[in-house]
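1. Curious how this folds, go ahead:
(one chain, ligands or ions: 1)
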Amino acid sequence: MSFRIVLEHQTLRFAAAHFTTFAGECEPLHGHNYALSVEIEGELTADSWILDFGEAKALVRDICAELDHKFLLPLENPALEIAASAAEFEVKFGARRYVIPRPDVAQLPIDNSTAERLAEYIASRIASSLRERGASNVTSIAVGVEESPGQSGWFRRPLS
Ligand SMILES: [Zn+2]
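-> Numbers count the residues shown, from 1 in each chain. Modelled structure (predicted):
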């Protein structure tokens, strides 16, 4: 038996630029007003909750703040040529070339900035943060990343 808390997307948002690659193609640069949904499942503590809602929201908001108003750079994308200097990133796809100042880049250890991969990345960040806080009653975390209203990618993982 387990319980679940759900954080809905109204306050868990970030705006970011990206493009994905697919089947040898590369989308044009564009942006989304991303909205997150987070589900945290687990056993109740002695205080009869899984996790304080305020604490859970603050944790997810910190991750949103890191991604807000950034270019989402998938560092492990094999279709992109990525070169980093002290001041900027150069990202090439065929004849297309983008040069982006470092402070404007969110460097992500993913192979493509799809909603599914962003959900996986954010779920892993939440899991690390909960482990650090010793929230051993939490059993699983699910994250939904909505790119546009009614269109989201989800990832679910155990805490450990
Ligand atoms: Zn997009």
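
2. what residues are up against Cys128?
-> Check again: residue 128 is Ser, not Cys. Going by Cβ atoms under 8 Å, 6 or more residues apart in numbering, Ser128 touches no other residue. Heads up, the C-betas are built off the backbone N, CA and C, glycines and all.

3. ugh, typo on my part, it should be Ile82
-> 73, 75, 89-92.

4. and of these, the nearest to Leu36?
-> Comparing the contacts of Ile82 against Leu36 with Cβ to Cβ picks out Leu73 as the nearest, at 19.3 Å.

5. ok, and the closest non-adjacent residue to the closest one?
-> Val105 (5.1 Å; Cβ to Cβ, 6 or more residues apart in numbering).

6. And the strands in the chain?
-> Under the criterion DSSP state E, the chain contains strands at 3-7, 13-18, 21-22, 25-26, 30-42, 70-74, 81-84, 88-93, 96-101, 105-108, 138-148, 151-158.

7. Output these in a markdown table; the columns should cover mean pLDDT and distance to Arg131.
-> Output for the strands of the chain, formatted as a markdown table (pLDDT from 0 to 100; distance: least, Cβ to Cβ, whole Å):
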| stretch | mean pLDDT | distance to Arg131 |
| --- | --- | --- |
| strand 3-7 | 96 | 17 |
| strand 13-18 | 98 | 23 |
| strand 21-22 | 96 | 32 |
| strand 25-26 | 95 | 36 |
| strand 30-42 | 97 | 13 |
| strand 70-74 | 98 | 25 |
| strand 81-84 | 98 | 29 |
| strand 88-93 | 98 | 30 |
| strand 96-101 | 98 | 32 |
| strand 105-108 | 98 | 20 |
| strand 138-148 | 96 | 9 |
| strand 151-158 | 97 | 11 |
